[in-house]
Structures are given as structure tokens and as C-alpha cells.
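Asks: quick one, structure for this:
(one chain, ligands or ions: 1)
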Amino acid sequence: MKQNTRLIQAGRGKQWIGQAVNPPVVRASTITFDTMAELAHASQHKGERVPYYGRRGTSTHFAFQEAICELEGGAGCALYPCGAAAVSGSLLAFLQQGDHLLMVDSVYEPTRALCEKVLRPMGVETQYYDPMLGADIERLIRPNTKVIFLESPGSITMEVQDVPAICRIARANGIVTILDNTWASPILCRPFALGVDVSIQAATKYIVGHSDVMLGTASANASHWPQLREHSYLLGYCASADDVYQASRGLRTLGVRLAQHQQNALQVAEWLAQRPEVETVRHPAFASTPGHAFFQRDFAGSNGLFSFVLKQGGAKAVAAFVEGMQYFKMGFSWGGYESLISPTLNVQKLRTASEWPYQGPLIRLHIGLEDPADLIADLELAFQRYQ
Ligand SMILES: Cc1ncc(COP(=O)(O)O)c(CNNC(=O)CNC(=O)c2ccccc2[N+](=O)[O-])c1O
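Replies: Sure thing, here's the model as predicted:
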């Protein structure tokens, strides 16, 4: 079955949809049983998509979980109220006091804050590593290293990691690998084929695709799924049937939306690359972006999210650039149908284990489904304001 067909079929088995086309929204806290035998069966199989209690999910959740597993290649999928909860739930499932965590230095900022403000006080030591470290990560491993966390491409700066090389080293040392695979969605990168143990999606982004639902998923391979499932249940993570329905609905257009985001973003990125004010464009599909060879090897394509660095400009010039846009709005997310812009004046401030080689401000763009000609015209006016 081809990918785009799988996006239409996944999680739409007869047991989930009956005679409808979409899985219905089944909202529940209490699940009722008529016999002790029914109750015993549900209790014995409560983590296996058998209705037991609202927190374990209903057929709406089970259909979506099955779809994510099929698309990513995982053995099981846990649902969370947002991507950040999928990150914290995954880390808490495999870490305890006294453990050492290797965290990629280009990680999404709130994940770094989780490590510093929640995990460190709990006695988990986080060490950040250069996103371009591959097999050499072995020299950072200690006897108490339990998890290596990856995010590829890296938030904001877009370095692509050598995921298979890191996974090989981790596996050889009995260390769990967790990949935040949000940028790729399940379509552009199949994480378990690269060797990861746990794959995270902020479904809030491309999977939902309309900037109106917060949802997270974490999937695991067979050897790690039982621990992830039980910890996410015991920590009380769950998601509403309505939000899961919207994410299930988003899956059906994910392929065509990503293709259009990719096409639009490449056109805008290539236009930016020739602007004299631009120092560099950080787009995984550009040979100049660190890890581009890994992108070519491990990814099926790109999406609407990339960054560029201006040669110069302080807060005032950046404000002139980003304010007054007709189509690009500032906002803390991405992956919807609309275009967004997020400035970062000092990238080095976000890094503690790797050098950021540029002085100028970075601007991250999410290229939406608008016509790229209009987006380029918007950016053209921004450069005029920025002068
Ligand atoms: C890789 C990854 N992993 C997890 C989450 C969290 O998902 P959630 O939002 O559903 O909790 C996210 C959420 N992403 N949100 C953002 O990137 C928002 N932050 C920004 O846009 C931002 C803020 C200030 C300065 C610069 C940026 N920026 O990313 O360019 C994610 O990108």
C-alpha cells in the first residue's frame, strides 16, 4: 500500500467506523459492564484497545492510536494533551533519580526547561550534546546514562542528526533513544526504521494541521511499549475524544498538505537565499545546512518549517521586519495551513554545548498553503522596512 493510500485507510477498520466513513466521537469516563466476565476481560486487556475506563480511551482513541502505529511503525501509541506532555511523559517513563540523560543541544526550548526545572531537581542529570555528534556520542556515555534524546531537524536551527548512528551506539549500551519526530510527522521520516525506541509527535502541528487542537503522541517499539504505556497511564495523561477525532481527520489530508507546504517553502527559501541581506538559509533540503546528507538518506521530503539568518540587525530592525506583515503572523506554533514568523535575536543564548557560528538574528518561518508569490511579496516589503 502506498503512503497516501495508507493515510486514507489507517485507523478506519470496520470495527472503528461501522458504516460511517470516519470513526465516531465516543466520549466517556465510565465504561459499563454487564457481567463479571466482561469486567475481568476488560481488566486483563485494559491496555490493548479494549474499553475499560475513560483514561484508557474509547474507540475514537483506539482508531487514531492504530493509525499512528501503522504510519510510524510503532508497536503502541500513547496519547497526551499536547506535544510537551508527550515529551515529559516519555522522559519520565524511562528516567529516575541518579540517571544521566543525554539531550541534543538544538532541542525545543521548553524541553530544555523541563530538564533544568523538573528533571534536575528530581536528581536526573542532563548533559547536552552537539546535534552533529554521531557515533562519537559514545564518549559522553556514562554507567548511569539511561536515555539519549534526539530532535531532528533541530528546533529553530534545523541541524539534521545522524539518528541511525546514535541509535546503534545507544542499543549497544542498553540506552533508550527517544526522538522528537514532530518536524517530519509520520510521513517524512519513519523513526523505528532508523532504530529509535520511542517516537514523539506534537500532533498539534501538521497532524491536526489547522492550529486548533493541542495533542501529543508517543509511540514505542515492542520492547519499550509496555513501560511507556503503563507510565503514561499512571501519570494520568489522556486526551479528549473530540481532539483525537480532529487529529484523525487531519491525517487524511496530511500527505497533500505536506506536499504543498514543501513546494511553497522551497520556493520561498530559494528566493531568500539570493537576497543580499541573508547570511544563510537553514533548510534541511539545502546542502549548506548541517546534516543535509542525513536528510537525503533518512527523510522522504521536507515541509513548511525552516529558518534564515540575517547578516545584521538588532531588535529594532527585526521588529521592523516582522511587524506589518500581511500574511506572516507571529505565533508560538507551526504546522497549520497559515504562514507564521518567529524571530530569535540570540541563538547562542539557547545553546550550551555547541557553537552557533552566526552573529545576525535568526528568523524561523512556517510557510503555509497561501500562494508563495503572495508570501514572497510580503517578505519583499519586510526587507524594505528592515533597511
Ligand atoms: C519539536 C517540538 N516538540 C514539541 C513541541 C510541543 O508541542 P505542543 O505545543 O503541542 O506542546 C513543539 C511545539 N513547537 N512550538 C514552537 O516551536 C513555538 N515556539 C516558537 O515558535 C518560538 C518562540 C520563541 C522564539 C522562537 C520560536 N521559534 O520556535 O522559532 C515542537 O516544536
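Asks: from here on, contacts and neighbour counts on C-alpha atoms
Replies: OK.
Asks: how about the strands in the stretch 101-250 of the chain?
Replies: For the stretch 101-250 of the chain, the strands defined by DSSP state E, counting those that start in this stretch cover 125-129, 145-151, 176-180, 198-202, 216-220.
Asks: the ones you listed: which one's closest to residue 344?
Replies: Counting by Cα to Cα, residue 344 lies closest to strand 145-151 out of the strands of the stretch 101-250 of the chain; the figure is 18.7 Å.
Asks: now tabulate the strands of the stretch 101-250 of the chain in a markdown table and tack on mean neighbour count.
Replies: Listed next are the strands of the stretch 101-250 of the chain as a markdown table, based on neighbours: other Cα atoms under 10 Å:
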| stretch | mean neighbour count |
| --- | --- |
| strand 125-129 | 20 |
| strand 145-151 | 24 |
| strand 176-180 | 24 |
| strand 198-202 | 28 |
| strand 216-220 | 29 |
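Asks: so for residue 369, which of these sits nearest?
Replies: From these, taking Cα to Cα, the stretch that ends up closest is strand 198-202, at 19.9 Å.
Asks: output the strands of the stretch 101-250 of the chain as CSV; include the columns distance to residue 339 and mean pLDDT.
Replies: Shown next, in CSV, are the strands of the stretch 101-250 of the chain (distance: least, Cα to Cα, whole Å; pLDDT from 0 to 100):
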stretch, distance to residue 339, mean pLDDT
strand 125-129, 31, 98
strand 145-151, 22, 98
strand 176-180, 22, 99
strand 198-202, 18, 98
strand 216-220, 22, 98
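Asks: which bits of the chain sit near the ligand?
Replies: Applying Cα under 6 Å from any ligand atom, one finds that the chain approaches the ligand through 82-84, 108, 155-156, 182, 202, 204, 214-216, 332-333, 342-344, 364.
Asks: please name the nearest non-neighbouring residue to residue 212.
Replies: In this structure, residue 212 finds its nearest non-sequential neighbour in residue 204, 7.8 Å apart by Cα to Cα, 6 or more residues apart in numbering.
Asks: mind listing what residue 104 touches?
Replies: 128-131, 149-151 (Cα atoms under 8 Å, 6 or more residues apart in numbering).
Asks: let's go with 10 Å and repeat that
Replies: 112, 126-133, 148-152, 154, 161, 351, 353-354 (Cα atoms under 10 Å, 6 or more residues apart in numbering).
Asks: so for stretch 45-57, first residue to last residue, what's the gap.
Replies: Start and end residues of stretch 45-57 are separated by 13 Å (Cα to Cα, to the nearest Å).
Asks: now it: buried residues?
Replies: If you call a residue buried by 16 or more other Cα atoms under 10 Å, then stretch 45-57 has these buried ones: 46-47, 49-57.
Asks: repeat that for stretch 229-241.
Replies: Within stretch 229-241, the residues scored as buried using 16+ other Cα under 10 Å are 229, 231-233, 237-241.
Asks: can you show me the CA trace of that stretch as CSV?
Replies: The C-alpha coordinates for stretch 229-241 follow below in CSV (Å, rounded to 0.1, in the frame of the first residue of the first chain):
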residue,chain,number,x,y,z
ARG,A,229,2.0,2.7,28.2
GLU,A,230,1.9,2.0,31.9
HIS,A,231,3.8,5.1,32.9
SER,A,232,1.7,7.4,30.8
TYR,A,233,-1.4,5.8,32.3
LEU,A,234,-0.1,6.1,35.9
LEU,A,235,1.0,9.7,35.3
GLY,A,236,-2.6,10.4,34.3
TYR,A,237,-2.0,11.5,30.7
CYS,A,238,-5.0,11.4,28.4
ALA,A,239,-6.7,13.3,25.6
SER,A,240,-10.3,14.2,24.7
ALA,A,241,-12.2,12.2,22.2
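Asks: endpoint to endpoint, stretch 171-186 covers what distance?
Replies: 22 Å.
Asks: any idea how far it is from the chain center?
Replies: Mean-position distance between stretch 171-186 and its chain equals 11 Å (Cα atoms, centre = their mean, to the nearest Å).
Asks: for stretch 350-369, same thing?
Replies: Mean C-alpha position of stretch 350-369 versus that of the full chain (Cα atoms, centre = their mean) differs by 17 Å.
Asks: tell me which residues of that stretch come out buried.
Replies: Across stretch 350-369, burial judged by 16+ other Cα under 10 Å covers 350-351, 353-354, 358-369.
Asks: I'd like the average pLDDT over that stretch.
Replies: For stretch 350-369, mean pLDDT rounds to 97.
Asks: got the end-to-end distance for that stretch?
Replies: Distance across stretch 350-369, first residue to last, is 30 Å (Cα to Cα).
Asks: among the buried residues of stretch 350-369, which ones are in helices?
Replies: For the buried residues of stretch 350-369, not one is inside helices, with DSSP state H as the criterion.
Asks: of these, which pair is most distant in space?
Replies: Using Cα to Cα, the buried residues of stretch 350-369 span at most 35.9 Å, a distance reached by 353 and 369.
Asks: pull the contacting residues for residue 353.
Replies: Residue 353 neighbours (Cα under 10 Å, 6+ apart): 103-106, 127-131.
Asks: wait, I meant residue 365
Replies: By Cα under 10 Å, 6+ apart, the contact set of residue 365 is 156, 265, 268-269, 304-308, 328-330, 334, 339-343.
Asks: likewise for residue 205?
Replies: So residue 205 contacts 83, 182-183, 185, 211-216, 247, 333-337 (Cα under 10 Å, 6+ apart).
Asks: do you know the pLDDT at it?
Replies: Looking at residue 205, its pLDDT stands at 98.
Asks: per-residue pLDDT, the closest residue to the ligand within the stretch 251-387 of the chain?
Replies: Residue of the stretch 251-387 of the chain nearest the ligand, by Cα to the nearest ligand atom: residue 332 (3.8 Å). For residue 332, the model assigns a pLDDT of 89.
Asks: which one is it nearest to, not counting chain neighbours?
Replies: Closest residue to residue 332 apart from its sequence neighbours, by Cα to Cα, 6+ apart: residue 342 at 7.6 Å.
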